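# Generate a structure from the sequence data that follows.
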Amino acid sequence: INSEIFFSFCLQNFSFKVFLVPEISRFFFCLIFIFYSVKSLNFFFFSSDVSKILEEKKFAKFGEIFRQNPNIVNSLRDGRHDWTLLMEAVIGDRFAVFVHLMKYPQDFSLVDNEGHNVLHWVGWIGKVRHLEMFDQQTIKMLIDGRSERNSTPLHHAVSWNNHDVISWLLAKGADHELKNKDGQRPDEHPRCDGVTKEIFRSFRSS
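This is a model prediction of the structure:
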């Protein structure tokens, strides 16, 4: 019997008894808790399996999973940080996986639990080759995206002195005057090195 149908039947037919008898109530809700915990655990292992499949570059297998569940590309998220599969590919420095995932329909409006879009992550630890995979419309949509701390991808690129990415973002129209929650423009970040400062000086004087 399908477990979800069973619990639905119980709720419809026995809910009045549950609240009349405390022992039944405790047992019933413990059962529901276990049921949904197992579902969550299954999702965790499924998520781990998919990440492992991608990490091992078993792209044909991932394609089979996608055909069975087309929503997986955007719906499967890291349980702790809410990262998408595409974000994880950037964070894990798996460019081949990133390229493969870009062939699937991506919802680029998705953010993690701190408001970072995928371009924030490219700014931090990605490379120009990641940026070149996006079309102009997507870059325009993401380039000045704000996190919960009002940081843009340019702020994040500057925080790690990601020089090539900084230059690329500026050339594509990133707003270098936007301020984060600390009231800082990207080039006012305390970790700016000499090369980063020179990039901004050259950009402003051009």
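
# ranges for the helices of this structure?
Taking DSSP state H as the test, the helices found in the chain are 3-20, 22-55, 59-68, 72-75, 85-91, 95-101, 118-125, 128-131, 136-142, 153-159, 163-171, 194-205.

# Please read off the pLDDT at the most centrally placed residue in the chain from the model.
Closest to where the C-alpha atoms of the chain average out (C-alpha atoms, centre = their mean) is Trp83, at 2.8 Å. At Trp83, the pLDDT value in this model is 95.

# nearest residue to it other than its sequence neighbours?
Asp112 (5.2 Å; C-beta to C-beta, 6 or more residues apart in numbering). Heads up, the C-betas are built off the backbone N, CA and C, glycines and all.

# Least confident of the helices of the chain, on average?
Mean pLDDT values for the helices of the chain show the minimum at helix 3-20, a mean of 47.

# Return the distance of the residue nearest to Trp83 relative to Ser167.
As judged by C-beta to C-beta, to the nearest Å, Asp112 and Ser167 stand 25 Å apart.

# The two: who's more crowded?
Legend: neighbour count by other C-beta atoms under 10 Å for Asp112 and Ser167, higher for Asp112 (20 against 17).

# Check the contact between the more buried one and Gly79; I expect there is one.
No. With contact defined as C-beta atoms under 8 Å, Asp112 does not reach Gly79; the gap is 11.6 Å.

# what residues does stretch 193-206 touch?
Applying C-beta atoms under 8 Å, 6 or more residues apart in numbering, the external contacts of stretch 193-206 come out as 158, 161, 163, 166-167, 170, 176, 186-187.

# Buried among the residues you listed? Make that a PyMOL selection.
To isolate the buried members of these in PyMOL, using 16 or more other C-beta atoms under 10 Å:
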select buried, resi 158+161+166+167+170+176+186+187
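
# Now tabulate the contacts of stretch 193-206 in TSV and tack on distance to Gln137.
Shown next, in TSV, are the contacts of stretch 193-206 (distance: C-beta to C-beta, whole Å):
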residue	distance to Gln137
Val158	25
Asn161	29
His163	26
Ile166	22
Ser167	21
Leu170	19
His176	21
Pro186	23
Asp187	27
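
# Which one of the contacts of stretch 193-206 is nearest to Asp144?
Of all the contacts of stretch 193-206, His176 has the smallest distance to Asp144: 10.0 Å, by C-beta to C-beta.
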